[in-house]
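Participant: Task: produce atomic coordinates for the following.
(4 chains)
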2 protein chains.
Amino acid sequence: MNLPQKIAGVNKNSIPRLVQYKYVLKKVLASGSDRVYSNELADAIGITAAQVRKDFSLFGIMGNKRGGYSVSDLLGIIQRILGSQPGQDVIIAGMGHLGIALSNYKGFEKEGICIRAGFDIDPVKCGVQGNIPVYPFSECEGYISNRNIKVGILAVPADAAQLVLDVMVRGGVEGVLNFAPVHLMAQRSCVIHDVNLGVELEFLLYFVNALNNRGGKA
Amino acid sequence: MNLPQKIAGVNKNSIPRLVQYKYVLKKVLASGSDRVYSNELADAIGITAAQVRKDFSLFGIMGNKRGGYSVSDLLGIIQRILGSQPGQDVIIAGMGHLGIALSNYKGFEKEGICIRAGFDIDPVKCGVQGNIPVYPFSECEGYISNRNIKVGILAVPADAAQLVLDVMVRGGVEGVLNFAPVHLMAQRSCVIHDVNLGVELEFLLYFVNALNNRGGKA
DNA sequence: CCCTTTTTGTGAAAACTATCACATAAAAAG
DNA sequence: CTTTTTATGTGATAGTTTTCACAAAAAGGG
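Facilitator: Here you go, the predicted model:
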C-alpha cells in the first residue's frame, strides 16, 4: 500500500498544512499570545488567509468572527485531528548521516514523537550514536514486535530498502517514511510515504533552469 | 519568491515524475534494454500507465504505437526538458549530519549535479568533510559570486536560516533547497523549495493514526 | 443604540490534475 | 493480404484543490 487516497473526504494537502499551523501556534503560544488571525497563520507559512480558513472549515474548526482564534484551543483541536499524542515511538533503519541527522532532530520530541532506536548492519555503527541506541539490524524485527513499534524510517541504500521494509512489516510496522530512491511494495498493509531528496533538488533545478535559460517560457 | 506557480502551462506535478522516469530509464539503459513501455515506467514508480502517457503527451513526447519508447531517446528528451546538464554546481550551508548526508549522496553526480563546497560557522566542521571542502561561512557570499553558483542547500538550524538565505541571495544564488522548518523570504528573485522532514514524518503519522484509531473514518 | 470596522465561514466558481475510454497505428500471426 | 493483438495519444470526463466574494457576526466608538 502506498498512501491511502482518501480518508473520509479530507483534502490530503491540508494535512501538512495542519502540521505547519501547529508549529506556528506553538511559537505564538510560547511568545505569550493566545490570539491569532488567519492572515497571521497564512503569512507564517506562506499561503493565503482564505486557504487557512478553508482548511479550518473543512475540519469544522471555528474561531470568533472578528476575534480570530484562541491559540491554545486551536492547538488542541489540531493536535486531536492529527492524532498527536505523547509517546509515538519510531525507529530508524540505517544509521548513516541521514539516519543520525534524523535521530538528532530537535523538533520531534516537542511533538510527542520519540525516536527509540536505530538499526544498522554495520557493527561499527552500533552502540550509541548521538541520542539513541543503535542495534544490529538482525534485532530489528524482534524489537519492533516486542515494543509494538508502529512507525519506521528507512534511511538505507536503495538496494537494501525492499528487504529492510519486509523485515519491518513482518515486525508489525504500519507506516514507513522512506528515503531510499526506489518504489517499495509492502507485503501486508503498511502506509509508505516516500521522500526523495534527489527528486527535490532536481525539481528545484528545473525551475531555476526554466526561469533562466528559457525566460520562464518552456 | 516561492515556487513560481506556472511555467507555461506545465502541470507542476509532472516535473517530479519526469525526474523519476529519468532515474528508471537510466536503470533500464544500464540493464541493456533500449525499449520501455508506459506500464513498465508506471509500475516502477507506482503510478498508472495513463498518467505516464499523459505526462509525455503534455511535453510532446511521442513513442511508437505498439512499440513503446526508445529508452535512450526518451532519456535525452527528458533531460532536455529538465534542463539537466553536466556541471550544475551546488553548495551547502550547514555541515551538520544532514549537510554531510547530502554531500555524500551518490545519486547527484550521475545527474550532472556537483556539490562543490560546504560552509559552516563552526571552525571544527571546516576543512574536509567526506567528499567536499568545507569553508567558514564568512566566505560563502564571495564563493558564490566568484564561482557563479546558482543553487544552494540550506541545512542550518531554523533560527539561522533567514540570515543564511540573505547571504546566499546577495552572493547571487537563484534557487535554494531549504530544510529549515521556517518560511523564508528572499530579498531578490530566488526560487525557494522547502523540504520539512518533521512535516513529512507527522504527515505519515496522521495516516497511520487515522487508519488505526479511527478505522479510516475521520 | 446605531454605525463602522474587522475578520470569520462558506457556497460558488475557477483552476488544476488524474482517469477513462477509445480511435489509431504498428506489429505479428495466419 | 487480412485479421488479430497490443500499446500509444489524447479528447472528454471526473475529481480534487484553491480562490473568490460576500453575508454574517462581533467589537468598538460616538
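Participant: Now for the nearest residue in space to A:D194 that is not next to it in sequence: which residues touch it?
Facilitator: What sits nearest to A:D194 in space, not counting adjacent residues and going by CB to CB, 6 or more residues apart in numbering or on different chains, is A:N178, at 4.9 Å. For the C-beta atoms, the positions are set from N, CA and C on the backbone; glycine is no exception. Applying CB atoms under 8 Å, 6 or more residues apart in numbering or on different chains, we find A:N178 in contact with A:L154, A:A161, A:L165, A:L184, A:I192, A:H193, A:D194, A:V195.
Participant: cool, and A:V124?
Facilitator: No contacts exist for A:V124 under CB under 8 Å, 6+ apart.
Participant: Next, A:I91: secondary structure please.
Facilitator: strand (DSSP: H, G, I helix; E, B strand; the rest coil).
Participant: quick one: it from chain B, how far?
Facilitator: 12 Å (CB to the nearest CB, to the nearest Å).
Participant: That residue contacts A:E139, doesn't it?
Facilitator: No - under the criterion of CB atoms under 8 Å, A:I91 makes no contact with A:E139, lying 10.6 Å away.
Participant: who has more neighbours, these two?
Facilitator: A:I91 (25 against 13; other CB atoms under 10 Å in any protein chain shown).
Participant: Kindly state the beta-bridge partners for the more buried one.
Facilitator: Taking DSSP bridges, one obtains A:A117, A:G152 as the residues bridged to A:I91.
Participant: what's the pLDDT at it?
Facilitator: Looking at A:I91, its pLDDT reads 98.
Participant: just A:V10 next, same as before
Facilitator: Listed pLDDT for A:V10 reads 87.
Participant: One more: the one 3 residues further on?
Facilitator: With respect to pLDDT, A:N13 has a value of 98.
Participant: list the contacts for it?
Facilitator: With CB under 8 Å, 6+ apart, A:N13 has no contacts at all.
Participant: Can you give me the distance of it to B:I149?
Facilitator: Distance of A:N13 to B:I149, computed by CB to CB, to the nearest Å: 32 Å.
Participant: Next: A:M62.
Facilitator: From A:M62 to B:I149 the distance is 48 Å (CB to CB).
Participant: same deal with A:A50?
Facilitator: The gap separating A:A50 from B:I149 is 37 Å, by CB to CB.
Participant: Those two: which has the busier surroundings?
Facilitator: Per other CB under 10 Å, whichever of A:A50 and B:I149 has more neighbours is B:I149, with 21 against 11.
Participant: was I right about that one contacting B:V90?
Facilitator: Yes - in this structure B:I149 lies within contact range of B:V90 using CB under 8 Å: 7.2 Å.
Participant: okay, the residue nearest to A:D194: pLDDT?
Facilitator: At A:N178, pLDDT is 98.
Participant: May I have the phi/psi pair for it?
Facilitator: phi -110, psi 120 (degrees, to the nearest 10).
Participant: what's near enough to touch the spatially most central residue of chain A?
Facilitator: Geometric centre of chain A, nearest residue: A:L177, 7.5 Å, by CA atoms, centre = their mean. Taking CB under 8 Å, 6+ apart, we find A:L177 in contact with A:V151, A:G152, A:I153, A:L154, A:H193, A:V195, B:E200, B:L201, B:L204.
Participant: For whichever strand or helix holds A:Y206, buried residues please.
Facilitator: Assigned by DSSP states H and E, A:Y206 belongs to helix A:197-213. Buried residues in helix A:197-213, defined by neighbour count with 16 or more other CB atoms under 10 Å in any protein chain shown: A:197-211.
Participant: go on, stretch A:167-178?
Facilitator: In stretch A:167-178, counting by 16+ other CB under 10 Å, buried: A:V167, A:M168, A:V169, A:G171, A:G172, A:V173, A:E174, A:G175, A:V176, A:L177, A:N178.
Participant: First-to-last residue distance for it?
Facilitator: Stretch A:167-178 has an end-to-end distance of 14 Å (CA to CA, to the nearest Å).
Participant: So A:K12, which state does it fall into?
Facilitator: Here A:K12 is coil, with the state taken from three-state DSSP.
Participant: With A:M185 instead?
Facilitator: A:M185 ends up coil, using three-state DSSP.
Participant: ok, now how distant is it from A:V169?
Facilitator: 10 Å.
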